[in-house]
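J.: Just to be clear, the model below is a prediction. Sequence and coordinates:
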Amino acid sequence: MREVFLRTEDLQTTKIEVDVDAIGYKNRFAWLFSIFVKHETSQTNRYEEFLEIKETLIISLTHNDKAKYVGSRKIGEWSEIYFYTSTSKELNQIVATVLKGTNFIYESNVVKDIQWNFYQHELFPTELEYHHITSDKIIEQLKDEGDMLDTPRDVEHYISFDTPTQKQRFLDNLNIDGFKYKDDIDTDEFEHGIALVCFQPITNDIMKNNIQKIYPHIKKENGYYEGWSTLLVEDEEI
């Protein structure tokens, strides 16, 4: 399954696409095969052409299990496409054939990566990034159902802990701007859990900022962020 998210490091934002299930191929392929393609991001048609070529490369290089596509990164005018393989000999020729006549500047590279370190550290989402991915999906579902995302409403954020002591310590130190305790949740799914509530619109940026705001407080007490929920707010004219 492919997931897409943004990662910001050193004031630079990278758009990452990753196959989160690719790790199952780790014991089969030990070489990281990379393709770097330059494209003009200001030229919409040119970038769309690149996206079509990217999919052609993925289909061609993974045919007959020659390689496994694991993800890509877009940084400025360069896109990086990554595969794991057992050999790069045949792959270089396939890349040359697909990109021939496209006028895209490109280069390829192969390095040994038995432990799949690049995939795990540079492509795979962190726990926090996973929460942002899930949050964005919920927002898309609300949008599809006609939600007025800019309308503020109560949003419940769920947190669980391994022990009641961790939960109580978190509550004793709870002082997060915009958040307040709502109630306890103690079920098989959320043992030693609580719900915090925040009055807010449901936009991607606001949700991302609020999750990032409470996340370090949760981890400080060894807790787990379990996601959020809210009620649908529909346009009265719909």
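T.: That came in fine, so what should we check first?
J.: Return the set of buried residues in the lowest-mean-pLDDT helix or strand in the chain.
T.: Taking mean pLDDT, DSSP states H and E as the measure, the chain has helix 44-62 as its least confident helix or strand, at a mean of 89. In terms of neighbour count (16 or more other Cβ atoms under 10 Å), helix 44-62 has its buried residues at Phe50, Ile53, Lys54, Leu57, Ile58, Leu61. From N, CA and C alone the C-beta is placed, and that goes for glycine too.
J.: quick one: which of the residues you listed is nearest Asp19?
T.: In terms of Cβ to Cβ, no member of the buried residues of helix 44-62 lies closer to Asp19 than Ile58, at 9.9 Å.
J.: which residues touch the closest one?
T.: Tyr69, Ile81 (Cβ atoms under 8 Å, 6 or more residues apart in numbering).
J.: Likewise for the one 3 residues further on?
T.: Shown in contact with Leu61 (Cβ under 8 Å, 6+ apart): Phe33, Ala67, Tyr69, Phe83, Thr85, Leu91, Ile94, Val95.
J.: Pro201: which of the residues you listed is nearest?
T.: Tyr69 (36.7 Å).
J.: That closest one against Glu17, yeah?
T.: No. Taking contacts as Cβ atoms under 8 Å, Tyr69 lies outside contact range of Glu17: 9.6 Å.
J.: So these two - more neighbours on which side?
T.: Applying other Cβ atoms under 10 Å to Tyr69 and Glu17 shows that Tyr69 carries more neighbours, namely 23 against 19.
J.: partners of that one in the sheet?
T.: Per DSSP bridges, the residues bridged to Tyr69 are Phe83.
J.: From Gly193, how far out is it?
T.: Between Tyr69 and Gly193 the computed distance is 38 Å (Cβ to Cβ, to the nearest Å).
J.: Could you tell me which residues make contact with the closest residue in space to Pro125 that isn't next to it in sequence?
T.: Leaving aside its chain neighbours, Pro125 sits nearest to Phe5 (5.8 Å; criterion: Cβ to Cβ, 6 or more residues apart in numbering). Neighbour list for Phe5: Lys15, Ile16, Pro125, Glu129, His132, Ile133, Asp136 [criterion: Cβ under 8 Å, 6+ apart].
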